[in-house]
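Student: got a predicted model here, sequence first, then my questions.
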Number of protein chains: 4
Amino acid sequence: MVSDISRTPTPAGRPRDPALERAILAATVEVVIESGFAAARLEEIARRAHTGKAAIYRRWRSKTELVIAAAESLLAEVVVPDEGSLRQDLLACARHYVSPNTRTALMLATVLAEATHTDELRATALESIGRPPTEALRTVIQRWALRGAVRSSAPVELIVSLIPAIAFHRVLLHHEGLNETIVVSMVDDVLMPALNPGHQ
Amino acid sequence: MVSDISRTPTPAGRPRDPALERAILAATVEVVIESGFAAARLEEIARRAHTGKAAIYRRWRSKTELVIAAAESLLAEVVVPDEGSLRQDLLACARHYVSPNTRTALMLATVLAEATHTDELRATALESIGRPPTEALRTVIQRWALRGAVRSSAPVELIVSLIPAIAFHRVLLHHEGLNETIVVSMVDDVLMPALNPGHQ
Amino acid sequence: MVSDISRTPTPAGRPRDPALERAILAATVEVVIESGFAAARLEEIARRAHTGKAAIYRRWRSKTELVIAAAESLLAEVVVPDEGSLRQDLLACARHYVSPNTRTALMLATVLAEATHTDELRATALESIGRPPTEALRTVIQRWALRGAVRSSAPVELIVSLIPAIAFHRVLLHHEGLNETIVVSMVDDVLMPALNPGHQ
Amino acid sequence: MVSDISRTPTPAGRPRDPALERAILAATVEVVIESGFAAARLEEIARRAHTGKAAIYRRWRSKTELVIAAAESLLAEVVVPDEGSLRQDLLACARHYVSPNTRTALMLATVLAEATHTDELRATALESIGRPPTEALRTVIQRWALRGAVRSSAPVELIVSLIPAIAFHRVLLHHEGLNETIVVSMVDDVLMPALNPGHQ
DNA sequence: CCTTAATCGAGACGGTACGTCAGGTCTTGTG
DNA sequence: CACAAGACCTGACGTACCGTCTCGATTAAGG
């Protein structure tokens, strides 16, 4: 008798098209960035993904969940940098918010705003969108604290939230993501002094 | 003959009920905070204000404009503090964002998020909601810079945006406004070191 | 104090447009005759009535009820004839089924077929569409029975149903309503012999 | 060499399951009678036949054609009776419409109603469902006309359509097929007097 | 025995209509 | 004129179903 290693014995019926999933998410990002959450039309998303509404609702339960999933799909893999100095590591983390084309930040801000009033979705959005890059910052700071580069009384949690806060703030109010100038200024003029005032 | 200098000579017909205006704005704040922008229903707002949709549209041209007006109605008068020290003035400005009950911040965040995709409204919202408290901070810092309490190379614009950024960030992600602890920590651990690293 | 005779004290709000009701019913008749029940589209009906679906659903709870109402609107007032002879009265009754333009009969047949499987609607349709003209025939025959022109053993109920049966049969199978030739033949060759075989 | 006269030389691949065809038709009859044409769901039919939609569409091109095929499958073989008297033959023909359980008549009426608005299908349905039993009646009457039992001026076509007309009428309006009492009354009180008024 | 080709059940697919609902406008009667 | 009520049109929502397509598995027939 052969060893049966199949855990999931192939579900019956035609399998879902994985390319379709990607096409829908890509179309969602496009349309939401163009129009915002409320004005984004599912028919338009479906049209651009060359599919129908049914295929969308087979995968996500509502427009809101679809948009959150689309935002998640934009998130780059977060890596904890280790570049030799606290400053270099902070710069690396902050550059995560320098969106390739502002699109990502705008999308994320839209999602966060929409999710604000649906607790369940807000938790999801927070977990998948908000947490990871914050976690990298926190890890970096704690690592350098052990190495003595951070004063012990520094309010790490508050400092960790400064970068994402500035990023979302700029996107919501000015439709601009962070740029290299701001990143450097944030690190050199705000984060470093806050973490270790002595070494300005 | 009495002197009648009024340029707009009392329009004919029944005058508008001024109490109704306030009732509508109050109902709008309630409903938007409960449900968010998209899920807020004009019928529900009208119902709670004991009026009809027509009375609303006689005053504002769209749901979006109504909501922005409701947000503006929440804003406290911004005063530029002058309390004797840079630190005291910064604390006073930051306390503007300690919402009486978080409601204000949540309302403002909702409006900003909604306005994100309507350029005209975004400008209005930015001007009436975002600018004034920022202006107070900017004024305070510039005043103390003249008095030598701020290093000349400090990135004032960036620092000025830190407080509102943190405030909106907390509201969007955690549904919490600033509190006294955070305000103090922001001023003492972030703003003061950034403005004048030598005197922590 | 004035006498208050108003039973229904004018409902609040804008009253429904009675012309719209007629326009919707007329459009429904048109579309159903062209396309049949299943292929009739509410959007198309709304378009031809220069209105929207909401105005339709405000008046009727479903497509089926709308179509039945449209069929009822086609029914001519049924009058019981009294023309001096049994034969003349039968002819007059039968001519009720000579549809002005076949449209009526086709519409009625469509409705009956659709209503067949919804008991509640079938009862309604039967009552409003099927009963009245049958009742006229029954009245006529009973009146002439009292005058001795009908043999006592004639199966009145069966004979009464022959005319509508033939009418619906022709419409369903041949898309034709009754015509004068058939009406005369039915009366002279079928009904009269069945009612009173002696007098050919 | 064996003589192979089969024009269709056994198609390659797995042959169709003949039992499945019957199961699908039976399920179709069930569901259509329960729900009517419009509300009959192909998924439900497939489920009751323990198969899938594909197996249905491999055999019939549309729901309408399937339902017509199901109706045809209900039709009893029509035989032209020859029982020794006009009356006996008419009774035999009429009894074709005494459905075993009303189901057949209801099914046929549903099909005819549905086919009403699809000319091609109406022709098919008319040919396969409506024609045969009518043909038997026509044959019987013509045979007895030659034997002198039918007056020459009798409107044979009209009389021939009376039985099916009554049958469909009763089914559409009352959900009842013909019964023995009605059959006898139709023959004795309507058909016989119409065909030969002298001999009631 | 193994390839071939069509079947089978299951279910995803694109499309389209359903019936609902909300935004913003218009129309009543009343004050 | 303002006001409350509610009908109006428009258009998106999320659901359901038709008819097609695709999957893995099954089932003869032919080499």
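Tutor: Happy to help now that I have it.

Student: roughly how far does the spatially closest residue to A:L126 that is not a sequence neighbour sit from chain C?
Tutor: Spatial nearest neighbour of A:L126, chain neighbours left out: B:L173 (5.5 Å); criterion: CB to CB, 6 or more residues apart in numbering or on different chains. Any C-beta I mention is one placed from the backbone N, CA and C, and that applies to glycine too. Counting by CB to the nearest CB, to the nearest Å, the gap from B:L173 to chain C is 39 Å.

Student: how many other residues sit next to B:L173?
Tutor: 23 (other CB atoms under 10 Å in any protein chain shown).

Student: confidence score at it?
Tutor: What the model reports for B:L173 is a pLDDT of 82.

Student: which stretch of helix or strand covers it?
Tutor: Using DSSP states H and E, B:L173 falls within helix B:156-174.

Student: whichever residue of chain A sits closest to chain D: how many residues sit nearby?
Tutor: Nearest residue of chain A to chain D: A:G13, at 9.1 Å (CB to the nearest CB). A count of nearby residues for A:G13, using other CB under 10 Å, gives 7.

Student: which parts of chain A are helices?
Tutor: A:18-39, A:42-48, A:53-57, A:63-74, A:86-95, A:103-115, A:119-125, A:131-146, A:156-174, A:180-185, A:192-195 (DSSP state H).

Student: just list the residues touching A:V67, thanks.
Tutor: A:T28, A:V32, A:F37, A:A40, A:T110, A:V111, A:E114 (CB atoms under 8 Å, 6 or more residues apart in numbering or on different chains).

Student: ugh, typo on my part, it should be A:D89
Tutor: A:P81, A:D82, A:E83, A:V140, A:R143, A:W144.

Student: can you list the domains in chain A?
Tutor: A:18-73, A:77-199 (automatic domain parsing).

Student: distance to C:S73 for the ones you listed - can I get that in CSV?
Tutor: Listed next are the domains of chain A as CSV, based on distance: least, CB to CB, whole Å:
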stretch, distance to C:S73
domain A:18-73, 35
domain A:77-199, 47
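
Student: now chain A against chain C: closest residue?
Tutor: For chain A, CB to the nearest CB, closest residue to chain C: A:E43, 14.8 Å.

Student: how many neighbours does that residue have?
Tutor: 10.

Student: again, but for the one 10 residues further on
Tutor: A count of neighbours around A:K53, defined by other CB under 10 Å, yields 12.

Student: and the contacts of A:D89, which are buried?
Tutor: Among the contacts of A:D89, those buried by neighbour count (16 or more other CB atoms under 10 Å in any protein chain shown) are A:P81, A:V140, A:W144.

Student: where's the nearest residue to A:D188 once chain neighbours are set aside relative to B:G198, distance?
Tutor: Leaving aside its chain neighbours, A:D188 sits nearest to A:R87 (7.4 Å; criterion: CB to CB, 6+ apart). Separation of A:R87 from B:G198 (CB to CB, to the nearest Å) stands at 19 Å.

Student: how about stretch A:189-197 against chain B, any contact?
Tutor: Yes - using CB under 8 Å from any CB of the partner chain, stretch A:189-197 comes into contact with chain B via A:D189, A:V190, A:P193, A:A194, A:P197.

Student: which one of these is nearest to DNA strand E?
Tutor: Distances from DNA strand E to the residues of stretch A:189-197 next to chain B, taken as CB to the nearest atom of the strand, are shortest for A:V190 (40.5 Å).

Student: just checking, the closest one touches B:L162?
Tutor: Yes - using CB atoms under 8 Å, A:V190 is in contact with B:L162, at 7.0 Å.

Student: between these two, which contacts overlap?
Tutor: Residues within reach of A:V190 and of B:L162 at once, by CB under 8 Å, 6+ apart, are A:L162, B:V190, B:A194.

Student: neighbours of A:M192, how many?
Tutor: 21.

Student: check A:P11 too.
Tutor: 8.

Student: okay, A:V156: pLDDT?
Tutor: Value for A:V156, per-residue pLDDT: 95.

Student: quick one: residues contacting it.
Tutor: Per CB under 8 Å, 6+ apart, neighbours of A:V156: A:R138, A:I141, A:Q142, A:A145, A:V150.

Student: per-residue confidence at the nearest residue to A:V140 once chain neighbours are set aside?
Tutor: Residue nearest to A:V140 in three dimensions, not counting chain neighbours: A:D89, with 4.3 Å by CB to CB, 6+ apart. Turning to A:D89, the model gives it a pLDDT of 97.

Student: would you mark the buried spots in stretch A:124-136?
Tutor: A:T124, A:A125, A:L126, A:I129, A:G130, A:P133, A:T134, A:A136.

Student: average pLDDT for that stretch?
Tutor: For stretch A:124-136, the mean confidence score works out to 83.

Student: repeat that for stretch A:192-200.
Tutor: On average, stretch A:192-200 scores 80.

Student: same check, this time on stretch A:11-29
Tutor: On average, stretch A:11-29 scores 93.

Student: that one vs chain B: in contact?
Tutor: No - in terms of CB under 8 Å from any CB, no part of stretch A:11-29 sits within range of chain B; the closest distance is 14.0 Å.

Student: name the residues that touch that stretch?
Tutor: A:40, A:45-46, A:48-51, A:55-56, A:58-59, A:66-67, A:69-71, A:73-74, A:103, A:107.

Student: repeat that for 10 Å
Tutor: A:40, A:42, A:44-51, A:55-56, A:58-60, A:63, A:66-74, A:103-104, A:106-107, D:52 (CB atoms under 10 Å, 6 or more residues apart in numbering or on different chains).

Student: what sits against the most centrally placed residue in chain A?
Tutor: Nearest residue to the geometric centre of chain A (CA atoms, centre = their mean): A:I129, 3.7 Å. By CB under 10 Å, 6+ apart, A:I129 lies in contact with A:I68, A:A71, A:E72, A:L74, A:L75, A:M107, A:L108, A:V111, A:L112, A:A115, A:P164, B:L173.

Student: how about those residues in a markdown table, adding distance to A:E180?
Tutor: Compiled in a markdown table, these are given as follows (distance: CB to CB, whole Å):
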| residue | distance to A:E180 |
| --- | --- |
| A:I68 | 29 |
| A:A71 | 24 |
| A:E72 | 26 |
| A:L74 | 20 |
| A:L75 | 21 |
| A:M107 | 21 |
| A:L108 | 20 |
| A:V111 | 25 |
| A:L112 | 24 |
| A:A115 | 29 |
| A:P164 | 17 |
| B:L173 | 25 |
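
Student: buried subset of these?
Tutor: In those, the ones that pass as buried (16+ other CB under 10 Å) are A:I68, A:A71, A:E72, A:L74, A:M107, A:L108, A:V111, A:L112, A:A115, A:P164, B:L173.

Student: with adjacent residues omitted, what lies nearest to the fourth one?
Tutor: Translated: A:L74. A:T104 (4.9 Å).

Student: so who does A:D189 touch?
Tutor: Contacts of A:D189 by CB under 10 Å, 6+ apart are A:Q200, B:R151, B:S153, B:A154, B:P155, B:L158, B:I159, B:P193, B:A194, B:L195, B:P197.

Student: A:L106 versus the closest residue to A:E65 other than its chain neighbours, what's the distance?
Tutor: Spatial nearest neighbour of A:E65, excluding adjacent residues (CB to CB, 6+ apart): A:L121 at 6.9 Å. Using CB to CB, A:L121 is found at 18 Å from A:L106.

Student: show me what from chain A comes close to DNA strand E.
Tutor: Residues of chain A lying near DNA strand E by CB under 7 Å from any atom of the strand: A:11-17, A:20, A:46, A:50-55, A:58-59.
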